[in-house]
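K.L.:
Can you look at this prediction? I've put the sequence above it.
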Amino acid sequence: MPIAPREYPVRFTPRGLCDAFDSTDAFAGACQSLQNLIFDQSNPEIVVSRPGVSTITSFAGFNTPGVISVHVTIGMTTYGMIATARNAGHDEPFAYDHNAGAFITISGVVAGNTPTTPSTTGAWTPPTMASIGAKIIVTHPGFNGVGANFFGVIDVTNPAAPAWSSANTTVNLLPTVPVAVANFNNRAYFAVQSGSLALLYYSDVLAATVITNATNILTIGDTSPITALCGLPIQTTSSGITQALLVFKATQIWQVTGDLVGATLSLNYISLTIGCSAPRSLANSPLGTYFISNSGPMMVSQAAGLLSVLYSAAQLIPDVQAPFQAATQPTRIAGGYCATIYRVSVQTFVNGQAVTNDYWFDEHKRRWNGPHTFNYACASQLGNFFVLVSNDSPGKLIKSEVEPSQSSVYTDIGAALTGNLLSSTLPKTQNMNQKQVVESTIELSSGGASVLYTITAQDEIGSTINSVIIPVTVSGKLWGAFFWGDGTRWTSSLNICKTYTIPWTMPLVFPKLQLNVQVTSSSAIAIGTAHFRYQDLGYTMVG
């Protein structure tokens, strides 16, 4: 005779994305997917729609604008390199003034001083840009190193009339085309591979194209090439802030501090086993520099410590690392930081499927969300949003907000978005018996508009146990949408969740359970806590 059923409640609150299929040894609220859903910053139990992306400009006036290979936002102006038919097969520089909503004409552009357009597939050396004094230096794999074609220069001495040229350094020349450039102590630091040597050449102060001293060179470790450069503010033992330049190789990280002036220039290694093969994954934050290593997401802190990106110091393994370890083209990974969000777009394999996913790490929640469905190739920050470019939507600068606003859209350049919450299987119970759920509830919001939520119960291999639709409708109308005195009740447009019974059409019988919620993205949606009343059926697996 079976043991009499015991009832007990089980709570699920979406807390973050995790690689783990089962949440028992991960964390409470672990999810396999929070697609196009982000954390509500005001309500710790709720996830809401990710704002969609919209076009800032489509490069009107350019001759057949194509793929943008690199861009950087300085102040209110975005500078970059775009493929056009002006000089067929070549990139040309651009400058977009966000205040004016217009392009600034850059003079001096000809076929002979512009780089060839790189491929949009396969491994590559990503172009880089750095502002030093009145010049923006552009390294690009399309420069051939013939004559002056080593790197590009946008002269912004007059920001209203920038001028383009290609160049090599003067007095002392770079021996080969540089693979990266960065500003450190108002000098241009060029990463150069010369024969078997990985070298850093550095310019004069505020003179990015001049190397007066032939000794302005640092040799970085072994013969493996430099992959990326990135600045870092570091906290000293005396609690002061100084500056450093991080130099990355595939399996090494080096740190340059000090300067030639004052004879304080110093080169030290941070790691000889961990490095970065994903140059565009680097992003500075107030906490340090994020990057994707061959073992997953990491950070060089302001104390120059090398850390995994974790929820807390008590955690040993990052919540999300498998997609980064399985990256198919690390050099195509693109990252950025804005308003406490570190985001990364990566071509990878997930559950055996080739995908390109966008993952967000929220510094407030210390958890990941995603994968989000808009792919991009380069990201920069402007105020409280990202400026993105995408090879899937060439010839556009794209706006991507990190938090919903009154002006947010919920499409990606016009394409509809779907939010999908898929929990990891709920924590194991302390016996091997089958379970049954008849009663369960979930917190949902309609936020001023009617919403249909599809709620599905699945087993551990994703097979559907039961699926229902909960229509969340609004009683009354939004304030300002009716005539005062006509008897209409008004309703709030806020995403305040209410508790709804999940109307299962049959009992859910399972050994392990996961929750799947699908909804069309909009400003109206919010998903909170679900409760399940488990019944212990008193027997183990059947069959």
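P.N.:
It's in. Residues are numbered from 1 along each chain as shown.
K.L.:
from the chain's centre, how far out does stretch 308-317 sit?
P.N.:
Distance, stretch centre to chain centre, for stretch 308-317: 19 Å (Cα atoms, centre = their mean, to the nearest Å).
K.L.:
And Gln353, its phi and psi?
P.N.:
Dihedral pair for Gln353: phi -110, psi 130, per degrees, to the nearest 10.
K.L.:
nope, Leu287 is what I meant
P.N.:
phi -90, psi -20.
K.L.:
Check the burial of Met541 by counting its neighbours.
P.N.:
Close neighbours of Met541, defined as other Cβ atoms under 10 Å, add up to 8. C-beta: built from backbone N, CA, C; applies to glycine.
K.L.:
Using PDB, list the CA coordinates for stretch 433-452.
P.N.:
Taking Å, rounded to 0.1, in the frame of the first residue of the first chain, the C-alpha atoms of stretch 433-452 are listed here in PDB:
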ATOM      1  CA  ASN A 433       9.300   9.300  -5.000                       C
ATOM      2  CA  GLN A 434       7.200  10.700  -7.900                       C
ATOM      3  CA  LYS A 435       5.500  14.000  -7.200                       C
ATOM      4  CA  GLN A 436       2.200  15.500  -8.200                       C
ATOM      5  CA  VAL A 437       1.100  19.100  -8.500                       C
ATOM      6  CA  VAL A 438      -2.600  20.000  -8.800                       C
ATOM      7  CA  GLU A 439      -2.500  23.500  -7.400                       C
ATOM      8  CA  SER A 440       0.000  26.200  -8.300                       C
ATOM      9  CA  THR A 441       0.100  30.000  -8.600                       C
ATOM     10  CA  ILE A 442       2.300  32.600 -10.400                       C
ATOM     11  CA  GLU A 443       2.700  36.300 -10.200                       C
ATOM     12  CA  LEU A 444       2.100  38.100 -13.500                       C
ATOM     13  CA  SER A 445       1.500  41.700 -14.600                       C
ATOM     14  CA  SER A 446      -0.500  43.300 -17.300                       C
ATOM     15  CA  GLY A 447       0.900  46.800 -16.700                       C
ATOM     16  CA  GLY A 448      -1.900  48.700 -18.500                       C
ATOM     17  CA  ALA A 449      -2.400  46.400 -21.400                       C
ATOM     18  CA  SER A 450      -3.900  42.900 -21.900                       C
ATOM     19  CA  VAL A 451      -1.200  40.100 -22.100                       C
ATOM     20  CA  LEU A 452      -1.300  36.400 -22.900                       C
END
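K.L.:
Going forward, the N-terminal residue is numbered 48.
P.N.:
Sounds good: first residue 48 from here, last item stretch 480-499.
K.L.:
list the buried ones in that stretch?
P.N.:
480-484, 487, 489-495, 498 (16 or more other Cβ atoms under 10 Å).
K.L.:
What residues are bridge-paired with the residue most central in space within the chain?
P.N.:
The residue lying closest to the centre of the chain (Cα atoms, centre = their mean) is Arg390, at 1.7 Å. Counting by DSSP bridges, Arg390 forms beta bridges with Gly383, Trp407.
K.L.:
Quick check: Ala210 touching Thr152?
P.N.:
No: Ala210 is beyond contact range of Thr152, at 10.0 Å (criterion: Cβ atoms under 8 Å).
K.L.:
When these two are compared, which one has more neighbours?
P.N.:
The neighbour comparison of Ala210 against Thr152 (other Cβ under 10 Å) goes to Ala210, with 16 against 12.
K.L.:
dump the residue contacts of that one.
P.N.:
For Ala210, the contact set (Cβ atoms under 8 Å, 6 or more residues apart in numbering) comprises 153-155, 201-202.
K.L.:
Neighbour-wise, which one of these leads?
P.N.:
Busiest of the contacts of Ala210 [other Cβ under 10 Å] is Ile201, holding 23 neighbours.
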